[in-house]
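Engineer: here is a sequence together with a model predicted from it:
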Amino acid sequence: MSNFRPPIEQQITFLHARDWAETAVFYETILGLALVLDQGSCRIYRSSGDAFLGFCQTLGQHMDAPPHTSHIMLTLVTPDVDGWHDFLVGQGVTIEKPPTLNEKFNIYQCFVRDPNGYLIEIQTFLDPAWPKGRN
């Protein structure tokens, strides 16, 4: 038995897109994420470095209905939560919760929802032990 763990080079989270056009506008135009691959029924966006978000019109043959969005939260980590908040307000995005200090987790965060109902947390870690991004 080998103790060698093969590498993991990238990460993609795939989610169901309820409204294809609004999803594209939100992630491409409002958030400004780069579309790196359009597979027809799935679009994959670079969120940061080697991390990606994929949105699909259907998530495979085994899914009869899209998942409940209340059980899913996407977190985008940034050093400028207030800047993102102001930018999103300027884009007409409804803010679910304005920038707030979360003392329990030692983070600063705000929340919005995408057109599919997914909760998006925009946060910065205040704990110096959190590793900084490698963009």
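Structural biologist: Nice, thanks for sending it over.
Engineer: quick one, longest helix in this structure?
Structural biologist: If you go by DSSP state H, the chain has its longest helix at helix 81-90.
Engineer: packing partners for that one?
Structural biologist: Packing partners of helix 81-90 (3 or more CB pairs under 8 Å, 6 or more residues apart in numbering; DSSP states H and E): strand 95-102, strand 107-113, strand 119-125. Heads up, the C-betas are built off the backbone N, CA and C, glycines and all.
Engineer: mean pLDDT added to those, as CSV?
Structural biologist: Below are those laid out as CSV (pLDDT from 0 to 100):
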stretch, mean pLDDT
strand 95-102, 96
strand 107-113, 95
strand 119-125, 94
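Engineer: using TSV, lay out those strands together with mean neighbour count and distance to Glu9.
Structural biologist: Formatted as TSV, these follow (neighbours: other CB atoms under 10 Å; distance: least, CB to CB, whole Å):
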stretch	mean neighbour count	distance to Glu9
strand 95-102	13	32
strand 107-113	19	27
strand 119-125	19	24
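Engineer: quick one, which of these gets closest to Ser70.
Structural biologist: Nearest to Ser70, of all the helices and strands packed on helix 81-90, is strand 119-125, at 7.8 Å by CB to CB.
Engineer: what's Thr75 in contact with, if anything?
Structural biologist: By CB atoms under 8 Å, 6 or more residues apart in numbering, the residues touching Thr75 are 120-123.
Engineer: got the residue ranges for the helices in this structure?
Structural biologist: Counting by DSSP H, the helices of the chain are 20-24, 81-90.
Engineer: mean pLDDT and distance to Ile107 added to those helices, as CSV?
Structural biologist: Below are the helices of the chain laid out as CSV (pLDDT from 0 to 100; distance: least, CB to CB, whole Å):
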stretch, mean pLDDT, distance to Ile107
helix 20-24, 93, 26
helix 81-90, 95, 9
